[in-house]
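Visitor: Here you go, sequence then predicted model.
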2 protein chains.
Amino acid sequence: MTADQQVAPAVPHRRRSRRDEILEIAVGLFAARGYHGVSMDDIGAAAGVTGPALYHHFAGKEAMLVAALIPVSEQLLAGGRERVAEHEGRPLAALAALIEFHVDFALANPAVIALHLHELDRLPEEPRRQIRRLQRLYVEEWVNTLTALRPELAAGEARVLAHAAFGLMNSTPFLGGEVDRDRRSDLLRAAALAALQG
Amino acid sequence: MTADQQVAPAVPHRRRSRRDEILEIAVGLFAARGYHGVSMDDIGAAAGVTGPALYHHFAGKEAMLVAALIPVSEQLLAGGRERVAEHEGRPLAALAALIEFHVDFALANPAVIALHLHELDRLPEEPRRQIRRLQRLYVEEWVNTLTALRPELAAGEARVLAHAAFGLMNSTPFLGGEVDRDRRSDLLRAAALAALQG
DNA sequence: CCATCGCCTGAACGGTCGTTAAGCACCGGC
DNA sequence: GCCGGTGCTTAACGACCGTTCAGGCGATGG
């Protein structure tokens, strides 16, 4: 139960807080049983406390979902932009880097990826729009790279392909590992690259 | 537990029954807002009746989800087996036929596909196992075709690729149509075929 | 040894949900 | 004109959920 090794956040004098620990537990439950399928008492029990205790760390249930989804969207966007910038002018290399980045991310964070796919609509307007905005910007990195690589594609068509590639790469949460992680990564990367190249 | 539930009659009913009409409405709501995010009153209101009226057509809320998911699994399995049988001994042709079948199906029934992906775990053990069994058989058709086409693939690896292809092809519910349906079908078929061929 | 603060508990609230019960309106067949 | 069935209504129930509140307990600092 003691998982206490993680990089320190931007705030220096705070170690990995109980808040983050609880959040990770909540994400796992949300991913497994759905947002509405998990009660605050469930989350509390899984964290070793009662339900109301969670209100000392989060404003409420929705706030937990927001706290889980926002950083992921930001990480994806930042990572995507970084990969594209590293390979400016070489769209195929940029695409390969994007694929490698996304596959690694999906394999490392299957629960959060599943949450992003399934539970985003459970949020109220305001935070949902913020997350969708981050997602859209991330997709645009893919669309720009794809249209540079394949000029015959219209932007809308490239968007269809980008989402198709996300579906392909995000399929990993749906499978318990019968194949080891490196091999799965290889298979997904090769398949995604083949799917997106003309 | 009223033991006198009405089931879809084997006797051919004249018109498309009200039951099927309500079911389609419920599926749309489930897909849009999630199983737990839709109440019986919501479904009733969308169908022009009150919530309790639905109990004249279905045993309960779970029964509606089962009634929506089971036929789809059966259709997919039957369609998949048919395509494979039509092209026995020609794995590439079989794979192309499977892809065309699945893409058409996903484009024609995006809501039910989304339900299958997101809400299956909301069911109790018994019907869930039945649906998973049908899904597993469908996946096996893909795995067999893939291993025939690419003998270097182990069964588990082929399964990873099959699920990746499902993720790719099922990405269509997540996009409002900015590209017309035929073009989207072409893009998804080509991408899936490229992803699965060595 | 006491005051304080962080973290938690137990009880309780308003609300919503799935479900049941009882009864009314309509309609084709005898 | 009556009958049975179908399809619906309103009312109500028990259960569960998110949230709030008042207070307790233990470590910390003076």
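Guide: Looks like it came in fine.
Visitor: Flag every residue of chain A that's near DNA strand C.
Guide: Residues of chain A that fall close to DNA strand C, judged by Cβ under 7 Å from any atom of the strand: A:18, A:44, A:48-50, A:52-53, A:56-57. Every C-beta, even on glycine, is put in place using the N, C-alpha and C of the backbone.
Visitor: Tabulate those in TSV, adding columns for pLDDT, distance to residue B:145 and secondary structure.
Guide: TSV is the format used below for these (pLDDT from 0 to 100; distance: Cβ to Cβ, whole Å; DSSP: H, G, I helix; E, B strand; the rest coil):
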residue	pLDDT	distance to residue B:145	secondary structure
A:18	84	50	helix
A:44	95	47	helix
A:48	91	48	coil
A:49	93	50	coil
A:50	93	52	coil
A:52	94	54	helix
A:53	94	52	helix
A:56	91	54	helix
A:57	92	50	coil
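Visitor: filter these to the buried ones?
Guide: Neighbour-count burial (16 or more other Cβ atoms under 10 Å in any protein chain shown) is assigned, among the residues of chain A next to DNA strand C, to A:44, A:49, A:57.
Visitor: Closest to DNA strand D out of the residues you listed?
Guide: Nearest to DNA strand D out of those is residue A:44 (Cβ to the nearest atom of the strand; 8.4 Å).
Visitor: need the contact list for the nearest residue to the closest one once chain neighbours are set aside.
Guide: Distances taken as Cβ to Cβ, 6 or more residues apart in numbering or on different chains place residue A:51 nearest to residue A:44, at 4.2 Å, with adjacent residues excluded. When contacts are counted by Cβ atoms under 8 Å, 6 or more residues apart in numbering or on different chains, residue A:51 touches A:39-45.
Visitor: Throw the residues you listed into JSON lines and include secondary structure and distance to DNA strand D, thanks.
Guide: As requested, these are exported to JSON lines (DSSP: H, G, I helix; E, B strand; the rest coil; distance: Cβ to the nearest atom of the strand, whole Å):
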{"residue": "A:39", "secondary structure": "coil", "distance to DNA strand D": "3"}
{"residue": "A:40", "secondary structure": "helix", "distance to DNA strand D": "4"}
{"residue": "A:41", "secondary structure": "helix", "distance to DNA strand D": "6"}
{"residue": "A:42", "secondary structure": "helix", "distance to DNA strand D": "7"}
{"residue": "A:43", "secondary structure": "helix", "distance to DNA strand D": "8"}
{"residue": "A:44", "secondary structure": "helix", "distance to DNA strand D": "8"}
{"residue": "A:45", "secondary structure": "helix", "distance to DNA strand D": "11"}
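Visitor: from the residues you listed, which single one is nearest residue A:139?
Guide: Among the contacts of residue A:51, residue A:43 lies closest to residue A:139 (Cβ to Cβ), at 31.0 Å.
Visitor: and the gap between that closest one and residue A:32?
Guide: Counting by Cβ to Cβ, to the nearest Å, the separation of residue A:43 from residue A:32 is 12 Å.
Visitor: any idea how far the worst-scoring helix or strand of chain A on mean pLDDT is from the chain center?
Guide: Lowest by mean pLDDT, DSSP states H and E among the helices and strands of chain A is helix A:110-118, with a mean of 89. Put simply, helix A:110-118 sits 6 Å off its chain's centre (Cα atoms, centre = their mean, to the nearest Å).
Visitor: That helix and chain B, are they touching?
Guide: Yes - residues of helix A:110-118 contacting chain B under Cβ under 8 Å from any Cβ of the partner chain: A:117-118.
Visitor: dump the residue contacts of the most centrally placed residue in chain A.
Guide: Centroid-nearest residue in chain A: residue A:113, 4.1 Å away (criterion: Cα atoms, centre = their mean). Counting by Cβ under 8 Å, 6+ apart, residue A:113 touches A:72, A:105-106, A:170, A:172-173.
Visitor: and with 6 Å instead?
Guide: A:106, A:170, A:173 (Cβ atoms under 6 Å, 6 or more residues apart in numbering or on different chains).
Visitor: any idea which of the residues you listed is closest to chain B?
Guide: Of all the contacts of residue A:113, chain B sits closest to residue A:170, with 6.1 Å by Cβ to the nearest Cβ.
Visitor: And residue A:126, how close does it get to DNA strand D?
Guide: From residue A:126 across to DNA strand D, the span is 14 Å (Cβ to the nearest atom of the strand, to the nearest Å).
Visitor: Now that residue: which helix or strand?
Guide: Assigned by DSSP states H and E, residue A:126 belongs to helix A:125-149.
Visitor: Quick one: mean pLDDT over that helix.
Guide: Average pLDDT, helix A:125-149: 96.
Visitor: Measure how far that helix is from the centre of its chain, please.
Guide: Offset of helix A:125-149 from its chain centre (Cα atoms, centre = their mean): 13 Å.
Visitor: Please work out which residues outside that helix touch it.
Guide: With contact meaning Cβ under 6 Å, 6+ apart, helix A:125-149 is reached by A:66, A:69, A:73, A:76-77, A:80, A:84, A:91-92, A:94-95, A:153, A:155, A:158-159, A:162.
Visitor: Show me which pair in those residues is furthest apart.
Guide: Once Cβ to Cβ is applied, the contacts of helix A:125-149 give A:66 and A:92 as the farthest pair, at 36.7 Å.
Visitor: the more surrounded of those two?
Guide: Counted by other Cβ atoms under 10 Å in any protein chain shown, residue A:66 and residue A:92 do not tie: residue A:66 has more neighbours, with 20 against 14.
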